[in-house]
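[1] below are the sequence and a predicted model for it; my questions follow.
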Amino acid sequence: MSSSNSASPPANAAVPENGTESVVSCDDRDWQVPTFTITELAPKQHDYCVVIPVINEGERIGRLLQKMKVLNISSIADIIIVDGGSKDGSLAQEKLTATSVRTLLIKTGPGKLSAQLRCAYAYSLRQGYTGIVTIDGNDKDDPDAIGGIIGELRKGADFVQGSRFVPGGVAENTPLSRWIAIRLVHAPLLSLASRFYWTDTTQGFRGYSRRLLLDERVQPFRDVFTSYELLAYLSCIAPRLGFRCLEYPTARRYPANEKTPTKISAVSGNWQVMKTLLKACFRRFDV
């Protein structure tokens with residue numbers, strides 16, 4: 001087990017497991033990344049990783065990790081949790097070790113989701129991972145699709161967006177307001193702006209290639225990305241730059257008889273998501 005912070009030197013090109021994929025080297029001198037601590041619970045084993053952003057997810061993150069353990073996800077990808085400052089005790093190290101988590105990152109600098117993701121992506125790229133899959137830690141997404149998303153990245157995709165709305169996908173107990181916002185507003189606007197047909201643009205279950213995240217025309221490591229901006233921006237910029245993008249069927253299930261697990265408040269949170277969407281569509285985040 002080791003601990004350090006984001007100032008540690010980068011680990012550049014690593015040799016992929018199959019020995020066939022080229023790994024883009026990592027120059028992080030100009031990256032803007034919030035401070036974060038690193039606790040490594042196991043050595044690096046794979047060329048792909050699964051990043052799970054969390055903050056006070058309680059039993060939900062435990063259930064997700066147990067599902068991933070049953071699916072033996074750690075046999076195909078390293079598991080990395082990036083915490084935004086949980087206070088609920090859900091990330092005790094013995095729990096993480098028992099479910100094969102490789103690394104726990106804790107963001108100590110400012111920002112919300114996009115800041116957490118910048119911490120995790122910076123760590124992952126410095127570690128030499130070829131690709132990154134991100135899945136929310138609130139146990140709404142079925143991790144069974146992780147293997148398929150990694151498979152698409154291995155075949156050359158640069159951006160694989162999980163979608164409950166493509167054939168084979170599952171949308172269970174989706175709140176009507178969410179369905180309307182995604183299907184009639186968010187996805188159509190991002191599709192128009194990116195010139196790529198997206199069906200499910202708000203969920204964070206997705207995969208990125210190293211090549212995409214390190215492209216000088218993308219530059220995701222900027223302080224402008226603090227809340228939900230990075231998700232919308234990458235959905236918009238990747239197709240426009242000609243990266244290979246696709247959607248992959250996933251299952252997203254909302255609980256039937258309990259409060260919807262979300263960090264987005266009904267009024268201010270949704271308004272923030274809408275403002276972010278418009279900024280991405282009008283290329284306010286472009287380099």
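    It's in. Numbering: from 1, shown residues only.
[2] how about the strands in the stretch 101-250 of the chain?
    Secondary structure of the stretch 101-250 of the chain by DSSP state E, counting those that start in this stretch: the strands cover 101-107, 131-134, 159-163, 170-172, 206-209, 245-249.
[3] what sits against the nearest residue to Val82 once chain neighbours are set aside?
    The shortest distance from Val82 to any non-neighbouring residue, by C-beta to C-beta, 6 or more residues apart in numbering, is to Ala120 (3.9 Å). Bear in mind the C-beta positions are built from the backbone N, C-alpha and C, glycine included. Ala120 makes contacts with 51, 53, 80, 82, 105, 132, 134, as judged by C-beta atoms under 8 Å, 6 or more residues apart in numbering.
[4] okay if I get these as CSV plus distance to Leu190, pLDDT and neighbour count?
    Formatted as CSV, the contacts of Ala120 follow (distance: C-beta to C-beta, whole Å; pLDDT from 0 to 100; neighbours: other C-beta atoms under 10 Å):
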residue, distance to Leu190, pLDDT, neighbour count
Val51, 22, 99, 27
Pro53, 20, 98, 27
Ile80, 27, 98, 26
Val82, 24, 98, 27
Leu105, 28, 98, 25
Ile132, 21, 98, 25
Thr134, 17, 98, 25
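[5] of those residues, which is the nearest to Leu41?
    Within those, the smallest distance to Leu41 is 10.2 Å, found for Ile80 (C-beta to C-beta).
[6] tell me which element the closest one falls in.
    Per DSSP states H and E, Ile80 falls inside strand 78-83.
[7] name the element Leu65 belongs to?
    Using DSSP H and E, Leu65 falls in helix 59-70.
[8] ok now that helix, how far from the chain's centre?
    Centre-to-centre, helix 59-70 and its host chain are 17 Å apart (C-alpha atoms, centre = their mean, to the nearest Å).
[9] got it, and stretch 196-212?
    With C-alpha atoms, centre = their mean, you get 9 Å for stretch 196-212.
[10] for stretch 92-105, how far is the first residue from the last?
    13 Å (C-alpha to C-alpha, to the nearest Å).
[11] Gln272 touches Tyr228, doesn't it?
    Yes - at 6.9 Å, Gln272 and Tyr228 qualify as touching, with contact defined as C-beta atoms under 8 Å.
[12] spatially central residue for the chain, please.
    Residue closest to the average C-alpha location in the chain (C-alpha atoms, centre = their mean): Thr134, at 2.9 Å.
[13] who's in contact with the closest residue to it other than its chain neighbours?
    Ranked by C-beta to C-beta, 6+ apart and with sequence neighbours excluded, the top spatial neighbour of Thr134 is Val51, at 4.7 Å. Residues in contact with Val51 (C-beta under 8 Å, 6+ apart) are 80-82, 117, 120-121, 124, 132-135.
[14] for Val51, which residues make a bridge with it?
    Beta-bridge pairing for Val51 (DSSP bridges): Ile80, Thr134.
[15] could you export the strand holding Ile80 as CSV, CA atoms only?
    Output of strand 78-83 as CSV, limited to C-alpha atoms (Å, rounded to 0.1, in the frame of the first residue of the first chain):
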residue,chain,number,x,y,z
ASP,A,78,-8.0,-2.4,-12.4
ILE,A,79,-10.6,-0.7,-10.2
ILE,A,80,-10.0,2.9,-9.2
ILE,A,81,-12.3,4.8,-6.9
VAL,A,82,-12.1,8.6,-6.8
ASP,A,83,-13.8,10.1,-3.8
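[16] what lies in contact with that strand?
    36, 42, 44-46, 48-55, 61, 65, 68, 73, 91, 96, 99-107, 116-117, 119-120, 123-124, 129, 137.
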